[in-house]
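Asker: the sequence and its predicted three-dimensional model are supplied below.
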Amino acid sequence: DTEVTQTPKHLVMGMTNKKSLKCEQHMGHRAMYWYKQKAKKPPELMFVYSYEKLSINESVPSRFSPECPNSSLLNLHLHALQPEDSALYLCASSPGPGITSTDTQYFGPGTRLTVL
Amino acid sequence: AQSVTQLDSQVPVFEEAPVELRCNYSSSVSVYLFWYVQYPNQGLQLLLKYLSGSTLVKGINGFEAEFNKSQTSFHLRKPSVHISDTAEYFCAVSDVQGAQKLVFGQGTRLTINP
């Protein structure tokens, strides 16, 4: 089973709201990722967690705050977002560095975020 | 650093015709290569990947791709397409040392006409 689940599917929030996106996988993967995808564009990497530690932060604004409570779960906390942050947010997981040299990423269906 | 160029932003094809989606990459180190498909309003699904060995890679849904090191290409092919193949296709590359960083091409929109 190569399933990554994401909730919610859709989210509408105001610029003063605080919300969270959730991602879950039960494949025993030890690396998890957040991507942002604008319309008609490829995904852009935001964060990578390896073995529950933040290993890559692609200079993402602090209004996006990732959290990895355990190896199966990844959250993205949102606060004081701007309308230009509206996008599809994709989560992915992979076996993890050192587990396999390929570290192929498997993606979830995404959360469609609209910031008003 | 790596980069990926998908040479066609849109490819219209008639149903049951063959199709080729082109991908070229640039890298100073050895790479892994991937093709992902994104159906409307969905996430990305892995179609196939090249890691090493045979340069012809077969994937899901009848797709295959050929790695050509001398031309730094990884073109995706299908001998006969179906309406259900209508989607966005992304070519991606990662270097074998930093495999967690995927670099994507801009995508190719494949439209199948009846």
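Answerer: Great, that's in hand.

Asker: could I get the pLDDT score of the spatially most central residue of chain A?
Answerer: What sits nearest the mean C-alpha location of chain A, by CA atoms, centre = their mean, is A:Trp34, with 2.6 Å. pLDDT for A:Trp34: 97.

Asker: ok, now B:Pro40?
Answerer: For B:Pro40, the predicted pLDDT is 89.

Asker: phi first, then psi, for it.
Answerer: Dihedral pair for B:Pro40: phi -50, psi 130, per degrees, to the nearest 10.

Asker: about what we covered before: shouldn't the residue nearest to the centre of chain A be in contact with A:Met46?
Answerer: Yes - in this structure A:Trp34 lies within contact range of A:Met46 using CB atoms under 8 Å: 4.4 Å. For the C-beta atoms, the positions are set from N, CA and C on the backbone; glycine is no exception.

Asker: quick one on the thing from earlier: does anything pack onto the one helix or strand the residue nearest to the centre of chain A maps to? Which helices or strands?
Answerer: Assigned by DSSP states H and E, A:Trp34 belongs to strand A:31-37. Packing contacts for strand A:31-37, counted by 3 or more CB pairs under 8 Å, 6 or more residues apart in numbering or on different chains; DSSP states H and E, involve strand A:18-25, strand A:44-50, strand A:64-70, strand A:73-79, strand A:87-94.

Asker: cutoff 6 Å now
Answerer: The contact analysis (3 or more CB pairs under 6 Å, 6 or more residues apart in numbering or on different chains; DSSP states H and E) places strand A:31-37 against strand A:44-50, strand A:87-94.
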